[in-house]
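> Here is the input, now give the coordinates:
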Amino acid sequence: MRQSDPPPLPALTRAEGEFIDCYLDVLDQLGRINPARGSDTYGALRAAQALASHARALRDALALMHERGEARIHAGTLARALRALDGERRSARVTLPPVTPGR
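Residues are numbered from 1 along each chain as shown. Next up is the predicted model:
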């Protein structure tokens, strides 16, 4: 494996894969809304509008998992999937940026 290759995606059920995809979509929209990282109100407004539909999809993915009897969230496996799908970078946009001297 080359240094730039992402880690392999762990085996997931279809519902777990949908859960991870929807979760990352929500993170992406929250990152665009983050007032500490944003640059314009229109982009944040569009992201806030999209957030509602992404949150519904996330809810539906979790409901499907529950309906199929997938009662447990396997945090370690799903964390590996998030890392393989660039989840660390994507989730960092939701946090506050580091304090720079003079601010």
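> Report the secondary structure element holding the most centrally placed residue in the chain.
Nearest residue to the geometric centre of the chain (Cα atoms, centre = their mean): Leu24, 2.1 Å. Element membership for Leu24 (DSSP states H and E) is helix 14-33.
> Rounded mean pLDDT for that helix, please.
For helix 14-33, mean pLDDT rounds to 95.
> Repeat that for stretch 46-53.
Here the average pLDDT along stretch 46-53 is 96.
> Which residues does it contact?
26, 29-30, 32-33 (Cβ atoms under 8 Å, 6 or more residues apart in numbering). For glycine as for every other residue, the C-beta is placed from the backbone atoms N, C-alpha and C.
> Nearest to Ser4 among those?
The shortest approach to Ser4 among the contacts of stretch 46-53 belongs to Arg32, at 25.9 Å (Cβ to Cβ).
> Just give me the neighbour total for the closest one.
By the criterion of other Cβ atoms under 10 Å, Arg32 has 19 neighbours.
> Surely it and Asp40 touch.
No - contact criterion Cβ atoms under 8 Å: Arg32 and Asp40 do not qualify, at 10.3 Å.
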